[in-house]
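> the following block contains a protein sequence and its predicted model.
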2 protein chains.
Amino acid sequence: MRRYANSTSFKRSNCAVACTLDLIGDKWTLLIIRDMFFGKTRYKEFQDSEEGIPTNILTNRLRKLESAGLVAKSPYQKNPVRYEYRLTEAGRSLGPILKSIINWAGEYIPGVRRPKASQTRTTG
Amino acid sequence: MRRYANSTSFKRSNCAVACTLDLIGDKWTLLIIRDMFFGKTRYKEFQDSEEGIPTNILTNRLRKLESAGLVAKSPYQKNPVRYEYRLTEAGRSLGPILKSIINWAGEYIPGVRRPKASQTRTTG
């Protein structure tokens, strides 16, 4: 079983819900994870999502997700070096959480749309 | 189909994930909902949960959940009036989200425990 990296101490309690919220309980993290699920890998692509994530929050969340082992980055360009970000196995296993959220919203929030895969990148 | 109350305008986008996070995307809201699922109904009980929710956040989240139609309050005492808070149908339908979070944590965060029902209240 693959477990995520920094898990030796609990921030608020050892409750499964509290520990998960310590990692992904905010307005932005699951939007980045949504974007990765639907094909986005690059900083600029996350930035371009319609919710308009602030740069400092995006940088912070990518770092946090990486250090938690939910996202791995790898360089796709040198000078300057730029990275692609992809979900790890632990990150992909957040899929059922995302799915349950999408299903709930579809039932209880009129007019929402289900997220879709982004267009295939033509360069890079 | 029961829909939650204030849903005519979207805060960030009409994406199902973003809209749900606008409601419950923070470190505390799902802990209150967890507590309600597991039998707690009173302000003091939510306050006593081991995560130590700050009073102002608890008040704010209960109000937000009520105005979103996820929680309903009813008085259980007069002079001074005190309220019990319970999940509505829309609130209870958050169950699968909570469950997927608990399952994920059980798999990927070593040492977490699944939340349990609180003891049955002996007074009131």
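Good, I have the coordinates. Predicted model, so just to flag it, every value in this text is computed and none were measured.
> in chain A, which spans are helices?
A:16-24, A:29-37, A:43-48, A:55-67, A:89-92, A:95-108 (DSSP state H).
> how about a markdown table for those helices, with distance to residue B:75 and mean pLDDT added?
The way it works is simple: take the backbone N, C-alpha and C, and place the C-beta from them, glycine included. Output for the helices of chain A, formatted as a markdown table (distance: least, CB to CB, whole Å; pLDDT from 0 to 100):
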| stretch | distance to residue B:75 | mean pLDDT |
| --- | --- | --- |
| helix A:16-24 | 28 | 97 |
| helix A:29-37 | 36 | 98 |
| helix A:43-48 | 46 | 97 |
| helix A:55-67 | 40 | 98 |
| helix A:89-92 | 45 | 96 |
| helix A:95-108 | 26 | 97 |
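> of the ones you listed, which is nearest residue B:53?
helix A:16-24 (10.4 Å; CB to CB).
> contact partners of that closest one?
A:4, A:10-13, A:29-30, A:33, A:64, A:68, A:70, A:94, A:97, B:26-28, B:30-31, B:34, B:51, B:98, B:101-102, B:104-106, B:109, B:112-115 (CB atoms under 8 Å, 6 or more residues apart in numbering or on different chains).
> pull out the buried residues from these.
A:4, A:12-13, A:29-30, A:33, A:64, A:68, A:70, A:94, A:97, B:26-28, B:30-31, B:34, B:51, B:98, B:101-102, B:104-105, B:109, B:112, B:115 (16 or more other CB atoms under 10 Å in any protein chain shown).
> list the contacts of the residue minimising distance to the centre of chain A.
In chain A, the residue lying closest to the centroid (CA atoms, centre = their mean) is residue A:33, at 2.1 Å. Going by CB under 8 Å, 6+ apart, residue A:33 touches A:24, A:65, A:70, A:87, A:91, A:94, A:98.
> rerun that using 10 Å as the cut-off
Applying CB atoms under 10 Å, 6 or more residues apart in numbering or on different chains to residue A:33 gives the contacts A:24, A:61, A:65, A:70-71, A:87, A:91-92, A:94-95, A:97-98, B:17.
> any idea how far residue A:41 is from it?
Note on residue A:33: its distance to residue A:41, by CB to CB, to the nearest Å, is 12 Å.
> hey, what's in contact with both of the two?
Residues touching both residue A:33 and residue A:41 (CB under 10 Å, 6+ apart) are residue A:87.
> which non-adjacent residue is nearest residue A:74?
Distances taken as CB to CB, 6 or more residues apart in numbering or on different chains place residue A:84 nearest to residue A:74, at 5.7 Å, with adjacent residues excluded.
> quick check: the one you found touching residue A:44?
No. Applying CB atoms under 10 Å, one finds residue A:84 not in contact with residue A:44, separated by 11.0 Å.
> so between these two, which is more surrounded?
Comparing residue A:84 with residue A:44 by neighbour count (other CB atoms under 10 Å in any protein chain shown), the higher total belongs to residue A:84, at 17 against 8.
> who does the residue nearest to residue A:74 bridge with?
Counting by DSSP bridges, residue A:84 forms beta bridges with residue A:42, residue A:74.
> can you pull the pLDDT of it?
Per-residue pLDDT puts residue A:84 at 98.
> what is the neighbour count of the nearest residue to residue A:88 once chain neighbours are set aside?
The shortest distance from residue A:88 to any residue other than its chain neighbours is 5.2 Å, reached at residue A:72 (CB to CB, 6+ apart). Residue A:72: 16 surrounding residues under other CB under 10 Å.
> ok, residue A:72 to chain B distance?
As for residue A:72, its distance to chain B is 15 Å (criterion: CB to the nearest CB, to the nearest Å).
> per-residue confidence for that residue?
Among the per-residue scores, residue A:72 holds a pLDDT of 98.
> residue A:28 and residue A:51: what is the separation?
8 Å.
> find the residues that touch each one of the two.
Common neighbours of residue A:28 and residue A:51 (CB under 10 Å, 6+ apart) are B:12, B:18, B:21.
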